[in-house]
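Undergrad: have a look; sequence and predicted model below, questions after that.
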Amino acid sequence: MAIDLRSDTVTKPSPAMRAAMAAAEVGDDQYGEDPTVRRLEETIAALFGFEDAVFVPTGIMANHIGIRMLVAPGEELLCDADAHIVAHENGGLAAHAGIQTRTLPSARGLMDPASLATLIRAGDRYTVGTRALEVENTHNRGGGTVYPISTLREIRALADSHNIGLHLDGARIWNAHTATGVPLSDYGAIATTMAVCMSKGLGAPAGSLVLPPPGHAEQARTLRRRLGGSMRQSGILAAGALHALTHNLDRLSQDHENAQRIANTLRSTGARVRDPETNIILIDVDDAPSIAATCSTHGVRISPFGPKLLRIVTHLDVSPQDCDTAADVVSTALMQSPERG
Ligand SMILES: Cc1ncc(COP(=O)(O)O)c(C=O)c1O
């Protein structure tokens, strides 16, 4: 079987997770009657210090609802140019909510608060107003990079000083927490709204949560329904997410070690590897699709992340030995490629 390092979303639920899902107590969540969904929402809200949380099918929907609660149609959101919401959400904020997004360049996805400060506009009859900032932690296209909590606090202070919101795309906030030891509630404290995914490193088959500002859970549930994201007996999914939280958070450091292991091997053979901070490794190459295709024929799946960029992501379904095998296959492919990676 192939070693699949394309993303941490490819994991399959373990027998224990499937058993927890099969045993879940469920009800109709649109009537607010699914006790397992409720338990997940209350657990996640408490972990991040929010009043409530709303279970949604995907991280993209969680981002959309979180940002939509801060920015009205025709208003502006500021974020980095490589943000997931800009690169990989198919223009949803513009298409579904009429939100204008303005971006700034950043170092591996981490924005500089001083640069951000120069871009915020109050808005008037002639000028669009900035209504929120968005940060992504860890940063996917940055290569799993982690914001220092001090920088996040500066960005929140900046948002507060302009009386605007800050949305945190915390799809991989679990990895940031694991890498830094910063409590989840400290990350929650910098965000006006937040999205967290249960289906990335934690390994649940589906499901994310949006954390709304105090008093706005009903608005979040209305927006979820408008987007067609309200589910029924979704306690089956919530049970997978609760199982993931209990069993898979503490092991994320293993994924980070595995990423270092792969990066070290690749670096030792001369590959242009960007230092992994968590579970994502980026490699600069001259022809990413052809190297990814060669690896695939040797049983290792990795992502071309652009014409000249490869992405490798470690996760709970790959062992240190799998990572060693994968690193050897990728190094060989790089060494055999005409440009030598
Ligand atoms: C940083 C980030 N945000 C949001 C998402 C969206 O998650 P989903 O695929 O569940 O919609 C992803 C998915 O990979 C992501 O990497």
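TA: Structure's in. What do you need?

Undergrad: now the protein against the ligand: closest residue?
TA: Going by CB to the nearest ligand atom, the ligand is nearest to residue 59 of the chain, at 2.5 Å. Placement of C-beta: from N, CA and C, glycine included.

Undergrad: which of the three states applies to the residue lying farthest from the centre of the chain?
TA: Each residue of the chain has a distance to the centre, and by CA atoms, centre = their mean the biggest one is for residue 125: 35.8 Å. Taking DSSP: H, G, I helix; E, B strand; the rest coil as the rule, one finds residue 125 in the coil state.

Undergrad: so what does it look like in phi/psi?
TA: Torsion angles at residue 125 (phi, psi; degrees, to the nearest 10) stand at phi -60, psi -30.

Undergrad: and what of the one 5 residues further on?
TA: Its backbone dihedrals place residue 130 at phi -80, psi 120, with angles given as degrees, to the nearest 10.

Undergrad: what pairs with it across the strands?
TA: Assessed by DSSP bridges, residue 130 has beta-bridge partners residue 76.

Undergrad: up against the ligand, what does the stretch 201-341 of the chain have?
TA: With CB under 6 Å from any ligand atom as the criterion, the stretch 201-341 of the chain meets the ligand at residues residue 208.

Undergrad: name the element residue 188 belongs to?
TA: Per DSSP states H and E: residue 188 is located in helix 184-190.

Undergrad: tell me the helices in the stretch 101-250 of the chain, going along the chain?
TA: Using DSSP state H, counting those that start in this stretch, the helices found in the stretch 101-250 of the chain span residues 113-117, 149-161, 173-180, 184-190, 217-226, 235-248.

Undergrad: center of the protein - which residue?
TA: Among the residues of the chain, the one closest to the centroid is residue 171, at 2.5 Å (CA atoms, centre = their mean).

Undergrad: may I have the residues that are in contact with the residue nearest to that one when sequence neighbours are not counted?
TA: Leaving out its chain neighbours, the residue that sits closest to residue 171 by CB to CB, 6 or more residues apart in numbering is residue 197, at 4.2 Å. By CB atoms under 8 Å, 6 or more residues apart in numbering, the residues touching residue 197 are 59, 62, 170-172, 207-208.

Undergrad: I'd assumed residue 93 was in contact with residue 64.
TA: Yes - contact status for residue 64 versus residue 93: in contact at 6.6 Å, counting by CB atoms under 8 Å.

Undergrad: got a list of what the closest residue to residue 84 other than its chain neighbours touches?
TA: Among residues not flanking residue 84 along the chain, residue 140 sits closest, at 5.4 Å (CB to CB, 6+ apart). Neighbouring residues of residue 140 by CB under 8 Å, 6+ apart: 84, 88, 109, 171-172, 280.

Undergrad: which ones among those residues map onto strands?
TA: In strands, defined here by DSSP state E, the members of the contacts of residue 140 are residue 280.

Undergrad: most neighbours among the contacts of residue 140, which one?
TA: Neighbours here mean other CB atoms under 10 Å. Within the contacts of residue 140, the largest count is held by residue 172, at 30 neighbours.

Undergrad: and the gap between the closest residue to that residue other than its chain neighbours and residue 182?
TA: The shortest distance from residue 172 to any non-neighbouring residue, by CB to CB, 6+ apart, is to residue 138 (4.4 Å). Distance, residue 138 to residue 182, using CB to CB, to the nearest Å: 12 Å.

Undergrad: anything in contact with each of these two?
TA: Common contacts of residue 138 and residue 182, defined by CB under 8 Å, 6+ apart, comprise residue 176.

Undergrad: can you list the buried residues in stretch 141-159?
TA: In terms of neighbour count (16 or more other CB atoms under 10 Å), stretch 141-159 has its buried residues at 141-147, 149, 151-152, 154-156, 158-159.
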